[in-house]
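[1] would you be able to build a 3D model of this:
(one chain, ligands or ions: 1)
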Amino acid sequence: MTYKLILLRHGESEWNAKNLFTGWVDVELNEKGRGEAVRGGELLKEQNLLPDVVHTSLLRRAINTANIALDRADRHWIPVHRSWRLNERHYGKLQGLNKTEIRDQFGEEQFMQWRRSYDVPPPPIDVDNEFSQHNDPRYADIPEDQRPRTECLKDVVARMLPYWESDIKPDLEAGKTVLIAAHGNSLRALVKHLDGISDDDISGLNIPTGIPLYYELDDDFRPVTAGGRYLDPEAAAVSIQAVANQGKK
Ligand SMILES: O=C(O)[C@@H](CO)OP(=O)(O)O
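    Model prediction:
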């Protein structure tokens, strides 16, 4: 028995294009991003990887990517589950700031430590900052003292894994093909877990926008093929490089 899991990072957002740290800010897909979502759905259909259930975050760039891709794959009718635990990493005080400006101001080392180290979070955001989500009603279920004000990838692993165990694994065990439509860093957290990537090595892993990543998992939920398989490997390679280069001039 193997399990079928498809990971899909949202298409390009308005803030990806503007080179801004986004995190929990609920920005919309741009036209390119909507096109990537369409292509993602076509790839699912062409390769006959048709999801039976979708799990998304509470952010519209992931929600709308899932809707567009599933519509294109004629799977717009499947059940959907949403959780803040699949949200992008909370980027703390960096939310809304320009990546190149932060790199210039603080230097490459600090920039990359905030962006890609496993366990160093950016400084926390003030609750009354215009880019804080502290009082957003969609997070009312999270006890106030546990609502993130910043997160490193380690924090994302810790809040994402309980949802993987309680909600996603049971769908896989029931024989469903599961689509997770989420974000660069929440998917990095899951890939780290699935592939057993070390805390150091995960800093070099980037997830492209809008290209489905297919994992066949064995009985122990370990990948049959390490790293899974992008449904369009050439486009994935180009997009991975673009994500890695963000913030560089
Ligand atoms: O800004 C963000 O929220 C993320 C994803 O777009 O960026 P990065 O790749 O720099 O972690």
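
[2] what is the neighbour count of the residue of the chain found nearest the ligand?
    Per Cβ to the nearest ligand atom, the residue of the chain with the smallest distance to the ligand is residue 22, at 3.6 Å. All C-beta atoms are positioned from the backbone trio N, CA, C, and that covers glycine. When neighbours are counted by other Cβ atoms under 10 Å, residue 22 registers 24.

[3] pLDDT wise, what is the nearest residue to it once chain neighbours are set aside at?
    Nearest residue to residue 22, sequence neighbours excluded (Cβ to Cβ, 6 or more residues apart in numbering): residue 15, at 4.5 Å. At residue 15 the predicted local confidence, pLDDT, stands at 97.

[4] what helix or strand does residue 15 sit in?
    Secondary-structure assignment from DSSP states H and E places residue 15 in helix 14-18.

[5] contacts for that helix?
    Identification of contacts with helix 14-18 by Cβ atoms under 8 Å, 6 or more residues apart in numbering yields 21-22, 25, 27-30, 32-33, 98, 209.

[6] turn those residues into JSON lines, columns for secondary structure.
    JSON lines is the format used below for the contacts of helix 14-18 (DSSP: H, G, I helix; E, B strand; the rest coil):
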{"residue": "21", "secondary structure": "coil"}
{"residue": "22", "secondary structure": "coil"}
{"residue": "25", "secondary structure": "coil"}
{"residue": "27", "secondary structure": "coil"}
{"residue": "28", "secondary structure": "coil"}
{"residue": "29", "secondary structure": "strand"}
{"residue": "30", "secondary structure": "coil"}
{"residue": "32", "secondary structure": "helix"}
{"residue": "33", "secondary structure": "helix"}
{"residue": "98", "secondary structure": "strand"}
{"residue": "209", "secondary structure": "coil"}
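
[7] I am finished for the moment; much appreciated.
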